[in-house]
Structures are given as structure tokens and as C-alpha cells.
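**Student:** here is the input, now give the coordinates:
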Amino acid sequence: SPRSRALGQGGGRSPASRPVCLSFFLFTACLGLWQCSLFVPVFMGSCCRCLVPGLNSGALDHRATSQPFCPITTCVLIAGISAPVVFFVDYASNCLYMEEIEGSVTVRDYIRSALKAEKAPQIFYALAKAIGQVLARMHDEDLIHGDLTTSNMLLKPPVDQLNIVLVDFGLSFVSGLPEDKGVDLYVLEKAFLSTHPNTEAVFEAFLKSYSTFSKKSKPVLKKLNEVRLRGRKRSMVG
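**Tutor:** Model (predicted):
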């Protein structure tokens, strides 16, 4: 994966950046050990998603629910970043009730439809600015997403207002290290340019926005360049 390649040599995580405890679903989902089904009920008057464990997962359920419940989305919301709210965790049935972002579209689909419709370049640069602002705020709070892609960013309706919601925090952790933040941006860069070819100028606009809004951007962007070099060397070696 882009993240594993980015870590490369010298990219091991120090004690200062150990992962925080995630909710039981996110903890097991990031390990790829837990299958679940999904339905959309109403929880206390709000539309939400209910995540239910799959069959034959009793041992995993016990292992996962024994972890302290400290979802990283709580930290994200406290930092003023939009993310789905965790309404309730039912430890008896191992179900997780999360906010459903009704009427939203992924940034991935938004970009693809805008490219197909040949929208003006200003639309893409405005989106890049909005993403840069959100991720700058997240990193300034020492929150690492771990799996930044345009599929893990939603636009709330009306989508033209570019209100971004971050989702899928299964690989998230807390770290103040520029290395971890640089890898986070590198993962996004690889995913962005592979999913949306010929958008290098848009990603550069994102980095400019990130640099403008982040108070800690200088060492992070320096690390991003180092991570890029490591990635190129590993690609050349094969």
C-alpha cells in the first residue's frame, strides 16, 4: 500500500505516536478481521448506520469489545472537524450506531462528475482549498487519519458549499510527529493522482492551502518530500 511504502526505512512509529484505542468496530476493521452487515435505522429520531458483526466472530467480538471505547472521531469532533457522530455502542450485541450523512456524495464522485461535465477549473481549486483547510486543522491537533482518499471524504448537501466530512477512521491515531503527518499526505497524494489522473495542479493547490492554514506545515511538507524520495527509491529497486 502507499502507506507501507511510505514508511520505508526509518519510518517506524515511535512511542510518541502510538495508536489510541479505537472503537471496537474500527479496531477490528482496520485489522481486516471482522465482517459486518449494515442497515440504516432511526436512532432517537436521527437517521444512522448500524454496524453488526458477521457470523462466527464471537472470539473476535470479545477481543475487540474488551478494548476501552475511545473513538478517534470524538477527538476529531472536538477539534471542530466534521465527522459522523457515534450515537451508541451496544456491547451486548456488539452493534455500533453511527450518524448517517444523508444526501452526501464522496469527493471522488464529485470530482469525477465535474471532470465529465468539463466544469471550470475554479471548482477544483475551491475544493482543494477546502480539503487543505480541513486537513491542516486535523494535523494541527495531532490527529492522523491513516487512510486519506477522496472516497473517505464526503460533501454534505448542498454539495456546492464544499462542506467536507471525514469518514473511515479505522487506521487513525494520535501523533505529533511531522513524519506521520507527511506519510498521511503522501497516502492522499498517491490515492488522489491515481484515482484522478492529470490533476497534479489541483493537488498542488491543496498543498498550498494546507501550508496556508496549518501552523505546523513547514516540517510536515519537508517530511512529505523525504517520503516521496523514499517511495521513488523503493519503486526503482522494485
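**Student:** okay, now the unreliable bits of this protein?
**Tutor:** Flagging of the chain using pLDDT under 70 yields the residue ranges 1-74, 94, 233-238.
**Student:** wasn't residue 154 part of a strand?
**Tutor:** Yes: when classified by DSSP: H, G, I helix; E, B strand; the rest coil, residue 154 is found to be part of a strand.
**Student:** wait, isn't it in contact with residue 164?
**Tutor:** Yes: checked against CB atoms under 8 Å, the pair residue 154 and residue 164 is within contact range at 7.1 Å. C-betas here are computed from N, CA, C, even on glycine.
**Student:** mutual contacts of these two, please.
**Tutor:** In terms of CB atoms under 8 Å, 6 or more residues apart in numbering, residue 154 and residue 164 are both contacted by the residues residue 107.
**Student:** of these two, give the one with the bigger neighbour count.
**Tutor:** The residue with more neighbours, out of residue 154 and residue 164 and counting by other CB atoms under 10 Å, is residue 154; that gives 24 against 20.
**Student:** so what's that one up against?
**Tutor:** Counting by CB under 8 Å, 6+ apart, residue 154 makes contact with 101, 104, 105, 106, 107, 164, 165, 166, 167.
**Student:** and if we set it to 10 Å?
**Tutor:** By CB atoms under 10 Å, 6 or more residues apart in numbering, the contact set of residue 154 is 82-84, 101, 103-110, 163-167.
**Student:** tell me where this protein has strands.
**Tutor:** All strands of the chain, identified by DSSP state E, fall at 36-39, 42-43, 46-53, 86-90, 95-99, 105-106, 143-144, 153-155, 164-166, 173-174.
**Student:** which stretches of this protein form helices?
**Tutor:** Remark: helices of the chain, listed N- to C-terminal, are 2-7, 24-31, 58-65, 72-78, 107-116, 121-140, 178-195, 200-213, 217-237; assignment by DSSP state H.
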